[in-house]
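>>> Pasting the sequence and the predicted model now:
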Amino acid sequence: MEGNRGSRLLPATERIAALSRVSAALMDELNEERLLHLIAETACELTGAMFAAFTLRPMSGEGQPLVPSEGHLFYLAAVVGATPKQEALFRQMPLGGEGLLAPIFRHGVSVLVSDALAFLHKPDSSQNTTSTAARTAARQAAFAYVNGRLPKEDLRSMGIPRGHPVVRSFLGAPLLDHSRQVRGGLLLGHTEPDQFTQEDEVVLVGLATQAAIALENAHLYRAAQMRAQEVDRIFESIVDGVTLIDDFGNILRENSTARLLREVLTESPGGERAIEELLFAPAQRTLNDEAVQDITVIINVDENETREYLVNASPLRLPPALSGPLVDTEDPPGNVSQAGSRAVVVWHDITEARRLLNERREHAETEARRALLQLILDELPTSVYLVRGHDARLVLANRAATRMWGAVWQIGQPMHEFLTENGLRVFGANGRPLVTEQLATRLVVQDDMLVTIRQHQETIRHPDGTTLPLLVNAVKLTIPNLDRLSAQTATQQRAKWEPVAVVVHQDVTALKEAEQLKDEFLSVAAHELRNPLLVLKGYAQMLLLQSARGKGSALAEWQAEALREIDLATQRLDELTEDLFDVTRLQAGQLVLHDEPTDLVALTRRVVKRQQMTTDRHEISLSTILSHIVLSLDAGRMEQVLSNLIGNAIKYSPRGGPINVSIHKEDDPEIAVLSIRDHGIGIPEDQQARIFSRFARADNALASGVGGTGLGLYLSRELVERHGGHLWFGSTEGQGSTFFIMLPVGGEYASYGNDAPSSL
């Protein structure tokens, strides 16, 4: 074979050097493309090939084939001896087990062909070389050749693609992995025939084997690197702290969680002791074969923070490296030298988990207490509910409250929203509708100074028109842990303090009915008493008048005194019956006011003068800077109010003393304010809430022997409120009382003027 320019022409030293380069590359080169290119160049150098190509089968990251060996699924990985243009063309060509490549790619057998042109399929007149029949014949020939049933000369070539260099001599070897799967092929070509020998085939098979091993190792290396990166990422992403410590107490490795805590503890007071308890002590214990499992360690991170950790540690025994001769040791069988000991310490921060567990336990306990409280409240016949915040949001309520409202008040719902949503309206004792802000429930949580509201009269009107009269008692509470009652966790608690109040409603329907009967009785009694009193009073006054004029028989002194007492008694009874008539008129809505322009200053001055004439132990003064202030009033009724209030100041100051009456005007809003202050016995605090009720009298007044019916203040407040005003008071038992009247200034006849301060 004169034309052979194969490996036999290469000196042995160069062959050895070339193989050494490949061996070194197999040891050091991790870049797959450079390694394959080097092997291809070496194959050309050893065999004299003009062309060399590496084809590979697509593999997964773990080195497993992604496609079968059949079909055009191989790709060009490296090429030698081709121009850049040819290489670009080759990389676009599909490669597979067809023709002379079939034994290599499909069956993993090397192929040596002296002249590829001689193996071309001979087409007949009806078929071309790329027909299905040609491919089938080539595939069958390859199978028969691999199984020894066909000589090499009967193999069939499918030709070469357009643009591919002419190949006469062909030599190809498969790349087989450890499981004998085809990973690819190393293909050599020459433009002249008879250029490759069987010795070249042996060399190529060896190079292909080395290349297959190198590729498999590269895949294994990449897979190992990938797994190492995954382990690193997992290690760093673990929320628990993980630390590897050797038996000398050196930290070999730690994840970011452990590192961060260690750095924080290092900077904190007592940090070294904390690190010892958390890391080194558990590591030493586990290296001494002590069990370290779920050990609780509590660490004070700083003055305001305490953290709790659950620590586990386990030994990691590494066998000693075989770096020297094997010698006898005294270690018993199965014991590993302590020089290779490591401890893995894992700690889990259970602070939040413990807090949540405690919260759940507290929540369960709170729920039990709340259920018990709800059970108790539900058995009460009166309505009881708890509200919080200035908008009176419901915290809890009993069943009686639901029956009272005739609707379900949702937990957390503001009172105004609840009333509006259910069409409920509330009226005051005077029958006028109340806005939400005037309800006892809202008043006690809106006013920071107001602590208790007692015996507040309200009437609920339901959407169907039915009414329910009530007495409302509201008490502001101090409950630091209210959220426990409302079954909220600590994370739901409000940082801002909010007022809390318990509200009790008492159904007074029966009392109202009894009161109505009483009013009817009073009306009848007043009417029946009026005529006899008028007759009695008339006769007494007539006898006194006739005696004074000298008509009729002269009266003895005792007789005249008796008639005068009868006259005074009938006068008091007449005033009482008038009060009773006023009460019945008010209850029946028949009291009519006759408003007219009235100078409040002049009216007050007249009442003060008249009341001063009734007492020598009191000094009644009027102070104001107003020369006059004209309001639209029923002068008679307002005089009745002033006479009653100043008269009370005289009655309830039995020791005498000053009584101060003052009048002033305020601009925003425009109102006139009149006050009457005494220094008498005052009103006990626990009885102030009911002092405006009918027939209500304070205990200290009864004890002091001060007479009265208990109707005066009731009538006074009703009359003031029917003038669009307001009557209230402030009192301290033993120090006296001050009553205030507020009246609106606006109106058709309103006017006022200022003078120098005056007093009476």
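Now that the structure is in, tell me what you want to look at. Residues are numbered from 1 along each chain as shown.
>>> okay, residue 364: pLDDT?
pLDDT, residue 364: 89.
>>> mind checking how far the helix or strand hosting it is from the chain centre?
In this structure, residue 364 is located in helix 351-378 according to DSSP states H and E. For helix 351-378, the distance from its own C-alpha centre to the chain's C-alpha centre is 19 Å (Cα atoms, centre = their mean, to the nearest Å).
>>> Over to stretch 341-356?
That offset, for stretch 341-356, works out to 27 Å (Cα atoms, centre = their mean).
>>> do stretch 598-606 as well
Taking Cα atoms, centre = their mean, one finds the center of stretch 598-606 at 63 Å from the center of the full chain.
>>> Pull the residues that contact that stretch.
With contact meaning Cβ atoms under 8 Å, 6 or more residues apart in numbering, stretch 598-606 is reached by 622, 624, 626-633, 635, 638-639, 642, 661, 663, 672, 674, 743, 760. Where you see a C-beta, it was placed from the backbone N, CA and C, and this is true even at glycine.
>>> ok, now with 6 Å
For stretch 598-606, the external contacting residues (Cβ atoms under 6 Å, 6 or more residues apart in numbering) are 622, 626, 628, 629, 630, 631, 633, 635, 672, 760.
>>> and of those, the nearest to residue 267?
Residue 267 has its nearest neighbour among these in residue 672, at 71.5 Å by Cβ to Cβ.
>>> who's in contact with the residue nearest to that closest one when sequence neighbours are not counted?
Using Cβ to Cβ, 6 or more residues apart in numbering and skipping the chain neighbours, the partner closest in space to residue 672 is residue 743 (4.9 Å). Neighbouring residues of residue 743 by Cβ under 6 Å, 6+ apart: 631, 672, 725.
>>> Would you list the buried entries among the contacts of stretch 598-606?
With burial judged by 16 or more other Cβ atoms under 10 Å, the buried subset of the contacts of stretch 598-606 is 622, 626, 629, 630, 631, 633, 635, 672.
>>> right, and out of these, which lies closest to residue 570?
For the buried ones among the contacts of stretch 598-606, the minimum distance to residue 570 (Cβ to Cβ) is 26.2 Å, reached by residue 635.
>>> State the distance from that closest one to residue 713.
With distances taken as Cβ to Cβ, to the nearest Å, residue 635 is found 21 Å from residue 713.
>>> Tell me, how many residues neighbour residue 558?
8 (other Cβ atoms under 10 Å).
>>> swap that for residue 264, sorry
15.
>>> next one: residue 305
Residue 305 has 10 neighbours, counted by other Cβ under 10 Å.
>>> any idea how far residue 296 is from the residue nearest to residue 235 when sequence neighbours are not counted?
For residue 235, ignoring the flanking residues on the chain, the nearest one in space by Cβ to Cβ, 6+ apart is residue 255 at 5.2 Å. Residue 255 is 21 Å from residue 296, where distance means Cβ to Cβ.
>>> Name the helix or strand for residue 716, please.
helix 712-722.
>>> And the contacts of the helix or strand just after that helix?
On the C-terminal side of helix 712-722, the closest following helix or strand by DSSP H and E is strand 726-732. Strand 726-732 is contacted by residues 682, 683, 717, 720, 737, 738, 739, 740, 741, 742 when judged by Cβ under 6 Å, 6+ apart.
>>> Flag every buried residue along strand 726-732.
By neighbour count on 16+ other Cβ under 10 Å, the buried set for strand 726-732 is 727, 729, 731.
>>> next one: that strand to chain centre, how far?
Put simply, strand 726-732 sits 46 Å off its chain's centre (Cα atoms, centre = their mean).
>>> Could you do stretch 726-746 as well?
Here the centre of stretch 726-746 is set off from its chain's centre by 48 Å, with Cα atoms, centre = their mean.
>>> could you give me the average pLDDT of it?
Rounded mean pLDDT across stretch 726-746 is 91.
>>> Test my guess that residue 110 contacts residue 207.
No: counting by Cβ atoms under 6 Å, residue 110 does not reach residue 207; the two are 11.2 Å apart.
>>> in the stretch 601-750 of the chain, which segments are predicted with low confidence?
Within the stretch 601-750 of the chain, the segments meeting pLDDT under 70 span 705, 707, 747-750.
>>> what are the ranges of the helices in it?
635-651, 699-703, 712-722 (DSSP state H, counting those that start in this stretch).
>>> about what we covered before: ok, of the contacts of stretch 598-606, which one's closest to residue 418?
Taking Cβ to Cβ as the measure, residue 418 lies nearest residue 672 of the contacts of stretch 598-606, at 37.8 Å.
>>> Show me what the closest one is bridged to.
Residue 672 forms beta bridges with residue 665, residue 743, as assigned by DSSP bridges.
>>> Pull the contacting residues for it.
Residues in contact with residue 672 (Cβ under 6 Å, 6+ apart) are 600, 629, 665, 743, 745.
>>> residues near residue 379, how many?
The number of residues packed near residue 379 is 10, by other Cβ under 10 Å.
>>> Please apply the same query to residue 348.
16.
>>> Nice, that's everything, thank you.
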